[in-house]
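S.K.: Let's see this in three dimensions:
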Amino acid sequence: MNQVLTIILKETYTKTSLLRRVRLAKDVANFALFHLQDPNLSLEITLEKLLAATPAGPLKTQVEANKDWLLSLGDNFFKQFDKSQINVIFNQIQSEIEVLKSITIYLPFEIYDRDIQSLGQWFKKNVGQEAIFEFAYAPDLIGGCSLSYKGIVKDYSIKTRVQLNRQALIQELQNLKHGSS
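M.R.: Numbering: from 1, shown residues only. Next up, the predicted model:
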């Protein structure tokens, strides 16, 4: 696996975040290589110059929102790129993203960012450092989740058990109703 992708994956848990961070890293690297006279500036100064040179819009918003993450990559992360190979590296990364182990987790509720991080840490530890996941809202699930990987769906919610035992549950409820009359 590409070293750049490995570094980005370290603290990245969802495919959406991964794609956004790869695009953002490429934008910052391109800015540093093609718009700055001094390629040895610190990452913090590079980001300040990028923000100053960028009009309001998606790139500026993403840099501001992800500044702490970008700084966590360290000064050396962006120094590994040069003008002749930056596109080759990021094209290779895009190809590698397509084959990453990606699991979709269906939940009956929206998940908070803090929960994504703790679930993501568990996920990386137990499934693999190169695994990523996506969340999908499934309001019809009851008391659990469903997982999908490579077209195979496993339902771990109570909904499945209720559906399997529907007739027995209806009969029990009718017996209770008639017994209490």
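S.K.: Any regions of the protein where pLDDT drops low?
M.R.: The model of the chain has pLDDT under 70 over residues 180-181.
S.K.: One more pass at 80, please.
M.R.: Residues of the chain meeting the criterion pLDDT under 80: 1, 39, 160-161, 179-181.
S.K.: got the residue ranges for the strands in it?
M.R.: Applying DSSP state E to the chain gives strands spanning 102-107, 132-137, 146-149, 152-155.
S.K.: so what strands line up beside the first one?
M.R.: Which is strand 102-107. Take DSSP bridges as the rule and strand 102-107 pairs in its sheet with strand 132-137 (parallel), strand 146-149 (antiparallel).
S.K.: Adding distance to Gln3 and mean neighbour count, write the ones you listed out as JSON lines.
M.R.: Backbone N, C-alpha and C define where each C-beta goes, glycine included. Putting these into JSON lines (distance: least, CB to CB, whole Å; neighbours: other CB atoms under 10 Å) gives the following:
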{"stretch": "strand 132-137", "distance to Gln3": "17", "mean neighbour count": "17"}
{"stretch": "strand 146-149", "distance to Gln3": "26", "mean neighbour count": "16"}
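S.K.: which one of these lies closest to Phe34?
M.R.: Distance to Phe34, taken as CB to CB, is lowest for strand 132-137 among those, at 29.6 Å.
S.K.: Report the backbone C-alpha coordinates of the closest one in PDB.
M.R.: Extracted C-alpha coordinates of strand 132-137, given in PDB (Å, rounded to 0.1, in the frame of the first residue of the first chain):
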ATOM      1  CA  ILE A 132     -12.900   1.800   6.400                       C
ATOM      2  CA  PHE A 133     -16.600   2.000   6.900                       C
ATOM      3  CA  GLU A 134     -19.600   4.000   5.900                       C
ATOM      4  CA  PHE A 135     -22.800   4.600   7.800                       C
ATOM      5  CA  ALA A 136     -26.200   4.400   6.300                       C
ATOM      6  CA  TYR A 137     -29.400   5.500   8.100                       C
END
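S.K.: what distance separates stretch 78-94 from the middle of the whole chain?
M.R.: 21 Å (CA atoms, centre = their mean, to the nearest Å).
S.K.: buried stuff in it?
M.R.: By 16 or more other CB atoms under 10 Å, the buried positions in stretch 78-94 come out as 78, 81, 86, 89-90, 93.
S.K.: My read is that Ser157 contacts Ser146, right?
M.R.: Yes - contact criterion CB atoms under 8 Å: Ser157 and Ser146 qualify, at 6.3 Å.
S.K.: Could I get the buried residue list for stretch 140-153?
M.R.: 141, 145-146, 148.
S.K.: what about Arg114, distance to Gly120?
M.R.: Going from Arg114 to Gly120 by CB to CB, to the nearest Å gives 11 Å.
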